[in-house]
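*Asks:* Sharing a sequence plus its predicted fold:
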Amino acid sequence: MSISDYSTSKLLYDLVVIGAGAGGLNAALTAMEYGKKVALVERNQPGGECTWSGCIPSKAMIQMAKEIKISKKYGSIEINSADVLSKVRALIQKAHQAEAVPVLEAAGIEYFYGEAVFLDKDTVQVGTNTLQAENIMIATGSSPVVPDIFGINTVNYLTNENIFLLPNLPSSIIVLGAGAIGVELSQAMQALGVEVKLVEMAPHILYREEVELSKLLQEVLEKDGVDILLNQRAIAVSEDATGIQLTLSSPEGEAIVCAEKILFALGRQPNLTTLNIADIGIKATSQGITVNDYCQTNVSNIYATGDVVGPYLFSHMAGYQARNVIHNLYGVGTQPIDLSGVAWCTFSDPEFARCGLTEVEASTEHNDIKTFTFDYEDLDRAVVDQKTIGKAKVICDNKGLILGASILGERACELLGELQLLKQNQIPLQKLQESIHPYPGYSELLFYLSMDAKACFIA
């Protein structure tokens, strides 16, 4: 059936949202608060990558791995990976309950299951339904990058989209890519009894983060038993009855590594191919849809948010962008997207959290910077918890305003929030010393950092 065969009867809305991940859900629900008539289109189940194959399952597995790691200190423990994965899937279903179709429909959102195809700038086709709206938001997310290497079409590979669907974990695995996903899953699977080889093209893991802290985390992973192979480029892959063979190239030559399975963790690519955006003139690149500071495309009534736009591919960023668009459309006044407010975390053990610039980036962009650091081994709470591996680093300008902050250590993700609040609101780091931080708590490290800043800027 071609598009011309569909019914010409159109369903009219104030807003059509394509994609029911973090961005799409936030857009639809926020628009409902303004009393708008909203249609939400999704080709899978609502929740997006974060619920089904990203944040929720990975953090569930990571938490179970941490608990097993702690238990091993007190004796041997038998690990049943089938039970682990079954529990992960149960937790996915529990998280999904808050965003299930009946919940969305009860909120007044009209939900359409299927692929959305643009007919014109105001209209999309979803199956036999033609939806027309004053404004349309594209929030279709992203998919895992699969490397274009020799033999790729001959192997059964894993990504974060299907690894949690396995009946049990493999005995051994090659993880290609040492970004956040690769690091998190490598460490978790190693703790769950999988022999892990983590392969990375860069000279260290988490290559976009603070080098000093990345290398410290790298030492932790190696101590945990993860075999890390750096400066390695994958050039070919094959599979036989024994498992996977991955050919690597490095300055030292070529080598072959083997494992039962292979997992690709090489980043994400925008989901754009089925939308028909080129025919209605929406500009896009291989990195995603081109938008202005308000997430507006070059077609004025069409907006795009989340992974399909970037530059930060985080669920919390998608939600923020989507809410901002809706408030601009239906609220009072307009606000551009503020990228200074972005923070992120790699949920390794210990956690790695960051906002703003690294020290190298800051020194390139600013003439006069000050760097303040604090080691977890000097923190009483970390000592009694036996969580002394970690370090915080804050980079400021010559007035104490935060340019960037990175924390590697226990509860890093929560600790970063206080520094991020200072950064986004242009409050000097030294101001934090006026706040009383409870003892013995991990937040004391922020107090010590601010005391160092006070001493520096008074001198």
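*Replies:* In hand now; what should we look at? Bear in mind that the values here come from a model prediction, so they are computed numbers and not experimental data.
*Asks:* Asp14 contacts Ile136, doesn't it?
*Replies:* No - counting by Cβ atoms under 8 Å, Asp14 stays clear of Ile136, with 10.5 Å between them. Yep, even glycine has a C-beta here, placed from its N, CA and C like the rest.
*Asks:* These two - which one has more neighbours?
*Replies:* Set Asp14 next to Ile136 and count neighbours by other Cβ atoms under 10 Å: Ile136 wins out with 26 against 16.
*Asks:* Confirm the more buried one sits in a strand?
*Replies:* Yes - under DSSP: H, G, I helix; E, B strand; the rest coil, Ile136 sits within a strand.
*Asks:* Pull up the per-residue confidence for it.
*Replies:* If you check Ile136, the pLDDT there is 99.
*Asks:* just the one 5 residues further on next, same as before
*Replies:* Note for Gly141: predicted pLDDT of 98.
*Asks:* do the same with Met1
*Replies:* pLDDT, Met1: 31.
*Asks:* On the three-state scheme, Lys399 is what?
*Replies:* At Lys399 the chain is in coil, as set by three-state DSSP.
*Asks:* Count the residues that sit near Thr371.
*Replies:* Neighbours around Thr371, by other Cβ under 10 Å: 15.
*Asks:* need the contact list for the residue nearest the centre of the chain.
*Replies:* Among the residues of the chain, the one closest to the centroid is Phe314, at 4.0 Å (Cα atoms, centre = their mean). By Cβ atoms under 8 Å, 6 or more residues apart in numbering, the residues touching Phe314 are 342, 344.
*Asks:* same thing with Gln426?
*Replies:* With contact set as Cβ under 8 Å, 6+ apart, Gln426 has these partners: Leu401.
*Asks:* State the distance from it to Thr358.
*Replies:* Gln426 sits 20 Å away from Thr358, taking Cβ to Cβ, to the nearest Å as the criterion.
*Asks:* How about the contacts made by the closest residue to Glu444 other than its chain neighbours?
*Replies:* In space, and not counting its chain neighbours, Glu444 is closest to His437: 5.1 Å by Cβ to Cβ, 6 or more residues apart in numbering. His437 is in contact with 443-444, 446-447, counting by Cβ under 8 Å, 6+ apart.
*Asks:* ok, back up a step: what are the phi and psi values at the residue nearest to the centre of the chain?
*Replies:* Torsion angles at Phe314 (phi, psi; degrees, to the nearest 10) stand at phi -130, psi 150.
*Asks:* Return the distance of it relative to Ala180.
*Replies:* Phe314 is 10 Å from Ala180, by Cβ to Cβ.
*Asks:* Overlap in contacts, these two.
*Replies:* Joint contacts of Phe314 and Ala180 (Cβ under 8 Å, 6+ apart) are Trp344.
*Asks:* Would you map out the domains in the protein?
*Replies:* Under the assignment automatic domain parsing, the domains of the chain span 3-46+100-143+269-339, 152-266, 350-458.
*Asks:* Over to the second one now: how far is its first residue from its last?
*Replies:* It stands for domain 152-266. 14 Å (Cα to Cα, to the nearest Å).
*Asks:* if we can go back for a sec, before we go further, the residue nearest to Glu444 is sitting in a helix, right?
*Replies:* No - if the criterion is three-state DSSP, then His437 is coil and not within a helix.
*Asks:* sec struct for Asn298, please.
*Replies:* Of the three states, Asn298 takes coil under three-state DSSP.
*Asks:* per-residue pLDDT, it?
*Replies:* Looking at Asn298, its pLDDT stands at 98.
*Asks:* Not counting residues beside it along the chain, what's closest to it?
*Replies:* Distances taken as Cβ to Cβ, 6+ apart place Lys283 nearest to Asn298, at 5.0 Å, with adjacent residues excluded.
*Asks:* list the contacts for that neighbour?
*Replies:* For Lys283, the contact set (Cβ under 8 Å, 6+ apart) comprises 289-290, 297-298.
*Asks:* And it, how far from Val41?
*Replies:* According to Cβ to Cβ, Lys283 and Val41 sit 22 Å apart.
*Asks:* what do you get for Glu410?
*Replies:* Using Cβ to Cβ, Glu410 is found at 42 Å from Val41.
*Asks:* more crowded one of the two?
*Replies:* Taking neighbours as other Cβ under 10 Å, Glu410 and Val41 compare with Val41 leading, 26 against 21.
*Asks:* Walk me through which strands the helix or strand containing the more buried one pairs with, and which way each runs.
*Replies:* Using DSSP states H and E, Val41 maps to strand 38-42. In the sheet, strand 38-42 lines up against strand 10-18 (parallel), strand 110-113 (parallel) (DSSP bridges).
*Asks:* show me where pLDDT drops low in the stretch 351-459 of the chain?
*Replies:* The stretch 351-459 of the chain contains residues with pLDDT under 70 at 459.
*Asks:* what about the strands in it?
*Replies:* Assigned by DSSP state E, counting those that start in this stretch, the stretch 351-459 of the chain shows strands spanning 351-356, 370-375, 391-396, 402-409.
*Asks:* Please indicate which of the ones you listed has the most neighbours on average?
*Replies:* Of all the strands of the stretch 351-459 of the chain, strand 402-409 has the most neighbours on average by mean count of other Cβ atoms under 10 Å, namely a mean of 27.
*Asks:* residues in contact with Gln321?
*Replies:* Taking Cβ under 8 Å, 6+ apart, we find Gln321 in contact with 23, 295, 305-306, 309, 337.
*Asks:* among those residues, which are in helices?
*Replies:* Among these, the ones falling in helices (DSSP state H) are Gly23.
*Asks:* ok, so of the contacts of Gln321, who is nearest Glu210?
*Replies:* For the contacts of Gln321, the minimum distance to Glu210 (Cβ to Cβ) is 24.9 Å, reached by Ile337.
*Asks:* Would you map the helices across this structure?
*Replies:* Secondary structure of the chain (DSSP H): helices located at 22-33, 48-52, 55-71, 81-96, 101-106, 180-191, 211-224, 315-330, 359-365, 380-385, 412-424, 444-458.
*Asks:* Now distance to Lys431 and neighbour count too, for the contacts of His437, in a markdown table please.
*Replies:* A markdown table is the format used below for the contacts of His437 (distance: Cβ to Cβ, whole Å; neighbours: other Cβ atoms under 10 Å):
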| residue | distance to Lys431 | neighbour count |
| --- | --- | --- |
| Ser443 | 15 | 18 |
| Glu444 | 16 | 18 |
| Leu446 | 11 | 25 |
| Phe447 | 12 | 20 |
